[in-house]
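Trainee: Sequence first, predicted coordinates after that:
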Amino acid sequence: MQVMTEKRQELRRRADVLKQYEVYGYQVAYYLLDNETLAAEAVSQAFIELLRDGRFFDQPNPLQKQQLKQILMKQSVTIKIAAMQEAVSKGHEAT
């Protein structure tokens, strides 16, 4: 039971850390994507990636912010490419 409580507390701590970057993350992603839905998806994917990286949560805030920004840039590009490919595919289906 103790282990579950500790895991739950750690998950809560990580969620609290990510919560403080939610608005910043969305601003960065929206700036890059100029699309609300895609920006929200980029932030979600970035947070999932960060949740798996335990080292992120032990870094000072400036390094966390820098790492988040790098991951958001990568996720934004990936999501934009996927959206463009989907748009091209739909265009070919219509013809």
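Mentor: Arrived safely, thanks for sending.
Trainee: pLDDT weak spots in the chain?
Mentor: Within the chain, the stretches with pLDDT under 70 are 93-95.
Trainee: can you pull the buried residues of the longest helix along it?
Mentor: Longest helix of the chain, by residue count under DSSP state H: helix 61-94. Within helix 61-94, the residues that qualify as buried are 64-65, 67-69, 71-72, 75-76, 79-80, counting by 16 or more other Cβ atoms under 10 Å. (Each C-beta comes from the backbone N, C-alpha and C, glycine too.)
Trainee: now stretch 13-28
Mentor: Across stretch 13-28, burial judged by 16+ other Cβ under 10 Å covers 14, 17-18, 21, 25-26, 28.
Trainee: any chance of those residues in JSON lines, plus secondary structure and distance to Arg52?
Mentor: Shown next, in JSON lines, are these (DSSP: H, G, I helix; E, B strand; the rest coil; distance: Cβ to Cβ, whole Å):
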{"residue": "Arg14", "secondary structure": "helix", "distance to Arg52": "10"}
{"residue": "Val17", "secondary structure": "helix", "distance to Arg52": "14"}
{"residue": "Leu18", "secondary structure": "helix", "distance to Arg52": "12"}
{"residue": "Tyr21", "secondary structure": "coil", "distance to Arg52": "16"}
{"residue": "Gly25", "secondary structure": "helix", "distance to Arg52": "16"}
{"residue": "Tyr26", "secondary structure": "helix", "distance to Arg52": "20"}
{"residue": "Val28", "secondary structure": "helix", "distance to Arg52": "20"}
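Trainee: Thank you kindly, that will do.
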